[in-house]
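S.K.: Here is a sequence with its predicted model. Questions after.
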Amino acid sequence: MRPFLIAPSILSADFARLGEDVDAVLNAGADVVHFDVMDNHYVPNLTIGPMVCKALRDYGVTADIDVHLMVKPVDRLIPDFAKAGASIITFHPEASEHLDRSLQLIKESGCKAGLVFNPGTPLHYLDHVMDKLDVILLMSVNPGFGGQSFIPSTLDKLRQVRKLIDDSGFDIRLEVDGGVKVDNIAEIAAAGADMFVAGSAIFNKPDYKAVIDEMRAELASVEA
Ligand SMILES: O=C(CO)[C@@H](O)[C@H](O)COP(=O)(O)O
Ligand SMILES: [Fe+2]
């Protein structure tokens, strides 16, 4: 498996000083910036759009930005986020009228592409599109809010998707999002995830480096 990646969700960052907070978490050892886009339509919350992504790039953020689209419709935001500096764009398959078209649009825009599965979303959306995926993201909470508890049935789903990826032979990251903490990250990694979104677990603590170091120590026990 590839090296584990820690992706803090900036949903729990301090929006009044976002650039500084993102710099702080990257300097603390985070790998990727997870950027949650909510539209008050597909999910019951409203967050940030391409202008904020561009502002982070203009501020000097060079790390990968992982844009998690919780929006419906999907397609018209894809080129805007690509222009704004997104590295990865993921979306929820049931929010797209034309799954294959949305994936192609992301790739043509020069970004990595991924599908996101809510806890209750079936995996059959993966049929016929595995060759177009760079990331599969399993939600371990229902989308819309940070600070929720990890849903344990996600572990079985992770094991299923890990097998699908390994059997496919494609180079696809398995990302998990929601309720990831120091005390469950090892179990989640053992179930097959290799990219970990964590919002409240990191940003709600005063010392980001201490939390990320603890997460890496837990992950090291799985790698060994
Ligand atoms: O996409 C979402 C929520 O919809 C996530 O990215 C959350 O922001 C993760 O927050 P925590 O559960 O880690 O606090
Ligand atoms: Fe997310």
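M.R.: It's in. Ligands and ions are numbered 1, 2, ... in the order given.

S.K.: low-confidence ranges in this structure?
M.R.: Judged by pLDDT under 70, the chain has its weakly predicted residues at 1, 224.

S.K.: can you tell me how far H124 sits from I89?
M.R.: When distance is defined by C-beta to C-beta, to the nearest Å, H124 is 22 Å away from I89. Bear in mind the C-beta positions are built from the backbone N, C-alpha and C, glycine included.

S.K.: and if you look at M38?
M.R.: M38 sits 15 Å away from I89 when distances are taken as C-beta to C-beta.

S.K.: between these two, who's got more neighbours?
M.R.: Using other C-beta atoms under 10 Å as the criterion, M38 and I89 rank with I89 on top: 29 against 21.

S.K.: What's the separation between M139 and S109?
M.R.: When M139 is compared with S109 (using C-beta to C-beta), they lie 23 Å apart.

S.K.: which parts of this protein sit against ligand 2?
M.R.: By the criterion of C-beta under 5 Å from the ion, the positions of the chain lying close to ligand 2 are D36, H68, D177.

S.K.: Wait, I185 touches E218, no?
M.R.: Yes - shown here, I185 and E218 form a contact pair, counting by C-beta atoms under 8 Å, at 5.0 Å.

S.K.: which of those two has more neighbours?
M.R.: The residue with more neighbours, out of I185 and E218 and counting by other C-beta under 10 Å, is I185; that gives 26 against 19.

S.K.: check contacts around the more buried one.
M.R.: Contact criterion C-beta atoms under 8 Å, 6 or more residues apart in numbering gives F196, A198, M215, E218, L219 as the residues in contact with I185.

S.K.: same deal with D134?
M.R.: The neighbourhood of D134, defined by C-beta under 8 Å, 6+ apart, consists of I88, K112, A113, G114, D171, I172, R173.

S.K.: List buried residues within these.
M.R.: Listed as buried from these are I88, K112, A113, G114, I172, R173; burial here means 16 or more other C-beta atoms under 10 Å.

S.K.: could these go into JSON lines alongside secondary structure?
M.R.: Shown next, in JSON lines, are the buried ones among the contacts of D134 (DSSP: H, G, I helix; E, B strand; the rest coil):
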{"residue": "I88", "secondary structure": "strand"}
{"residue": "K112", "secondary structure": "strand"}
{"residue": "A113", "secondary structure": "strand"}
{"residue": "G114", "secondary structure": "strand"}
{"residue": "I172", "secondary structure": "coil"}
{"residue": "R173", "secondary structure": "strand"}
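
S.K.: so where does the residue in the chain that ligand 2 sits nearest to fall, helix or strand?
M.R.: Of all residues in the chain, the one sitting closest to ligand 2 is H68 (3.8 Å; C-beta to the ion). If you go by DSSP states H and E, H68 is part of strand 64-70.

S.K.: On the three-state scheme, V116 is what?
M.R.: Secondary structure assignment for V116 (three-state DSSP): strand.

S.K.: and the gap between the nearest residue to L155 once chain neighbours are set aside and I10?
M.R.: Closest residue to L155 in three dimensions, ignoring its sequence neighbours and counting by C-beta to C-beta, 6 or more residues apart in numbering: A191, at 4.5 Å. Applying C-beta to C-beta, the value for A191 to I10 is 25 Å.

S.K.: try G199
M.R.: Between G199 and I10 the distance, using C-beta to C-beta, works out to 8 Å.

S.K.: okay, and the common contacts of these two?
M.R.: With C-beta under 8 Å, 6+ apart applied, the overlap between the contact sets of G199 and I10 consists of H34, D36.
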